[in-house]
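Peer 1: The amino acid sequence is not available; the structure is as follows:
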């Protein structure tokens, strides 16, 4: 996943069919190390009608198509 990709929330995170989930665009992807040495991937995505990007773990988002 990278900047410009089109995403929506996974069924587990949103709980509705794909047609009912909002579509967003990835604005930032950041890898972070945790205290126990694991790596987390944090994704920011902007959704229509929101001025502030939604930031969450990469596992919350479903990639719909990749940017060029």
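Peer 2: Great, that's in hand. Keep in mind that what you see is a predicted model, and the values were worked out from it rather than measured.

Peer 1: okay, now residue 5: neighbour count?
Peer 2: 19 (other C-beta atoms under 10 Å). The C-beta positions use only the backbone N, C-alpha and C, and glycine is treated the same way.

Peer 1: Please verify my assumption that it contacts residue 27.
Peer 2: No: the criterion here is C-beta atoms under 8 Å, and residue 5 misses it with residue 27 at 10.0 Å.

Peer 1: can you map out the strands along this protein?
Peer 2: 6-9, 24-33, 39-46, 54-57, 61-65 (DSSP state E).

Peer 1: Identify the bridge partners of the residue nearest the centre of the chain.
Peer 2: The residue lying closest to the centre of the chain (C-alpha atoms, centre = their mean) is residue 61, at 4.0 Å. Judged by DSSP bridges, the bridge partners of residue 61 are residue 9.

Peer 1: which residues touch it?
Peer 2: 1, 7-10, 13, 26, 43, 45 (C-beta atoms under 8 Å, 6 or more residues apart in numbering).

Peer 1: if we go to 7 Å?
Peer 2: 7, 9-10, 43, 45 (C-beta atoms under 7 Å, 6 or more residues apart in numbering).

Peer 1: Drop the exposed ones from these and show what's left.
Peer 2: Among those, those scoring as buried are 7, 9, 43, 45 (criterion: 16 or more other C-beta atoms under 10 Å).

Peer 1: Now pLDDT too, for those residues, in TSV please.
Peer 2: Putting these into TSV (pLDDT from 0 to 100) gives the following:
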residue	pLDDT
7	95
9	94
43	96
45	97
